[in-house]
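A.B. asks: sequence? don't have it. structure:
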């Protein structure tokens, strides 16, 4: 995956939390920021269709009410 350089502005308290977390888990601050961007992008991505199609489901024997 090719990485693009961007500028991100944040306040000092958030940056301090990122620095602390990066040290605690043993990764770079940039890696934590990339992970956060990836998680947010996945949560907010558009979905064009249903989660599953009728062909992907099967009857578990339950009774419809």
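C.D. replies: Received it, and whenever you're ready, just let me know what you need. Nothing here was measured: the structure is a model prediction, and the numbers come from that model. Numbering: from 1, shown residues only.
A.B. asks: does residue 10 lie in a helix or a strand, and which?
C.D. replies: Using DSSP states H and E, residue 10 sits within no helix or strand.
A.B. asks: show me what contacts it?
C.D. replies: Contact analysis of residue 10 by CB atoms under 8 Å, 6 or more residues apart in numbering lists residue 18. The way it works is simple: take the backbone N, C-alpha and C, and place the C-beta from them, glycine included.
A.B. asks: can you pull the pLDDT of residue 65?
C.D. replies: At residue 65, the pLDDT value in this model is 57.
A.B. asks: one more: residue 50?
C.D. replies: pLDDT, read off for residue 50, is 71.
A.B. asks: assign a three-state SS to it, would you?
C.D. replies: Secondary structure state of residue 50, per DSSP: H, G, I helix; E, B strand; the rest coil, is coil.
A.B. asks: how many other residues sit next to it?
C.D. replies: 8 (other CB atoms under 10 Å).
A.B. asks: any idea how far it lies from residue 34?
C.D. replies: 30 Å (CB to CB, to the nearest Å).
A.B. asks: for this structure, which segments count as helices?
C.D. replies: 12-25, 29-43 (DSSP state H).
A.B. asks: need these in JSON lines (columns: distance to residue 59, mean neighbour count and mean pLDDT).
C.D. replies: Shown next, in JSON lines, are the helices of the chain (distance: least, CB to CB, whole Å; neighbours: other CB atoms under 10 Å; pLDDT from 0 to 100):
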{"stretch": "helix 12-25", "distance to residue 59": "44", "mean neighbour count": "11", "mean pLDDT": "97"}
{"stretch": "helix 29-43", "distance to residue 59": "31", "mean neighbour count": "11", "mean pLDDT": "92"}
